[in-house]
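Enquirer: how would this look folded up:
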Amino acid sequence: MWGDAAPDEGGWRVNIWQGTFPTTNTKADGFAATAPVRAFAANAYGALAMSGNVWEWCSDWYHPQAYGDGKQVLVDPQGPTRSFDPQEPGAQKRVMRGGSYLCSDTYCLGYLPGTRMKSTPDTSLCHTGFRCALTAPGPGSAGAVPDKRVDKR
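Expert: Next up is the predicted model:
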């Protein structure tokens, strides 16, 4: 995202809450709620808004042990085939990542890239969205193609 630098070091690079939650948002990043696409510079890989702004739905079902014990590095881990949340066993939940404009560097680290959350698809959270993804074109190819891994449901 921005290495070891603080979110505001060198100017804000992420849309999160600044100030005392929930009473005062100083809007130091320029936004009280969601920010438009391209409001912040791309990261070193050219990706935009990988953190903050809105929690992003993932195609993965939620399961507390889905990504192992955290001691191993997993490359492109595939999610579980079914949802399970021990707190609500009957609720089908999807993974969400990226945090939102309601996260803060002082009380909620949900905006950090490795953070995951869960929610049911019928949620009415105002800080939830999704990301459209394309597979990058290979050398010499004409353009990007849709990412086949994206769940279109």
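Enquirer: report the contact partners of the spatially most central residue of the chain.
Expert: Closest to where the C-alpha atoms of the chain average out (Cα atoms, centre = their mean) is Gly98, at 1.9 Å. Contact analysis of Gly98 by Cβ atoms under 8 Å, 6 or more residues apart in numbering lists 49-56, 110-111, 113, 115. Every C-beta, even on glycine, is put in place using the N, C-alpha and C of the backbone.
Enquirer: strands along this protein, start to end?
Expert: In the chain, the segments counted as strands under DSSP state E are 19-20, 24-25, 55-61, 94-97, 116-119, 128-129, 134-135, 145-146.
Enquirer: kindly reformat those as a markdown table containing distance to Thr81 and mean pLDDT.
Expert: Converted to a markdown table, the strands of the chain look like this (distance: least, Cβ to Cβ, whole Å; pLDDT from 0 to 100):
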| stretch | distance to Thr81 | mean pLDDT |
| --- | --- | --- |
| strand 19-20 | 42 | 92 |
| strand 24-25 | 40 | 94 |
| strand 55-61 | 7 | 90 |
| strand 94-97 | 13 | 92 |
| strand 116-119 | 16 | 91 |
| strand 128-129 | 23 | 90 |
| strand 134-135 | 23 | 76 |
| strand 145-146 | 22 | 54 |
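Enquirer: tell me which of the ones you listed sits nearest to Tyr45.
Expert: Ranking the strands of the chain by proximity to Tyr45 (Cβ to Cβ) places strand 134-135 first, at 13.7 Å.
Enquirer: who does the closest one pair up with?
Expert: The pairing partners recorded for strand 134-135 under DSSP bridges are strand 145-146 (antiparallel).
Enquirer: just give me the neighbour total for Gly79.
Expert: 17 (other Cβ atoms under 10 Å).
Enquirer: hmm, it is touching Lys93, no?
Expert: No - if you go by Cβ atoms under 8 Å, Gly79 and Lys93 don't touch, sitting 11.1 Å apart.
Enquirer: spit out the residues that contact the two alike.
Expert: Counting by Cβ under 8 Å, 6+ apart, the residues touching both Gly79 and Lys93 are Trp61.
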